[in-house]
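Asks: here you go, sequence then predicted model.
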Amino acid sequence: MTVQAIKDLKQEILTLLAEKTYGLSIEEIADLLHVNRATAAKYLFALESSDSIAARSIGKAKLHYLKKYYGEINDF
């Protein structure tokens, strides 16, 4: 994967999370972006490590949010 493709995929994930403020699982993100689950997980981990997104576990699922929406969701 080229450097540009990596940047594009990260941006697509951020755009998707901005549109779906209720949070998405790794599987949902992978399906919506037509990538392998492992690929989605790798870039979600990178985005979470860079503090761009937040995640919370709900049962066996891990939902991902843009950092700016996470506080709103976490208040409920």
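Replies: Right, received. Where do you want to start?
Asks: let me know the pLDDT of residue 2.
Replies: The score at residue 2 is 88. That number is its pLDDT.
Asks: flag the shaky bits of the chain, pLDDT-wise.
Replies: 71-76 (pLDDT under 70).
Asks: what are the boundaries of the helices in it?
Replies: 3-19, 26-33, 37-49, 67-74 (DSSP state H).
Asks: let me have those in CSV, extended by mean neighbour count and distance to residue 55.
Replies: Heads up, the C-betas are built off the backbone N, CA and C, glycines and all. Compiled in CSV, these are given as follows (neighbours: other CB atoms under 10 Å; distance: least, CB to CB, whole Å):
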stretch, mean neighbour count, distance to residue 55
helix 3-19, 14, 10
helix 26-33, 16, 9
helix 37-49, 16, 6
helix 67-74, 13, 8
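Asks: so which of the ones you listed gets nearest residue 59?
Replies: Evaluated with CB to CB, the helices of the chain place helix 26-33 nearest to residue 59, the distance being 13.7 Å.
Asks: list the helices and strands the closest one packs on?
Replies: Using 3 or more CB pairs under 8 Å, 6 or more residues apart in numbering; DSSP states H and E, the elements in contact with helix 26-33 are helix 3-19, helix 37-49, strand 61-66.
Asks: go through those and name the closest to residue 31.
Replies: Distances from residue 31 to each of these were compared using CB to CB; the minimum, 8.8 Å, belongs to helix 37-49.
Asks: quick one: that closest one to chain centroid distance?
Replies: Averaged C-alpha coordinates place helix 37-49 at 7 Å from its chain's average position (CA atoms, centre = their mean, to the nearest Å).
Asks: now swap in stretch 11-18 and tell me
Replies: Using CA atoms, centre = their mean, we find the averaged C-alpha position of stretch 11-18 to lie 7 Å away from the chain's own average C-alpha position.
Asks: what's the answer for stretch 10-25, then?
Replies: In terms of CA atoms, centre = their mean, the gap separating the centre of stretch 10-25 from the centre of its chain is 6 Å.
Asks: and residue 64, how far is that from residue 3?
Replies: 23 Å (CB to CB, to the nearest Å).
Asks: typo on my end, residue 14
Replies: Distance of residue 14 to residue 3, computed by CB to CB: 17 Å.
Asks: no more questions from me, cheers.
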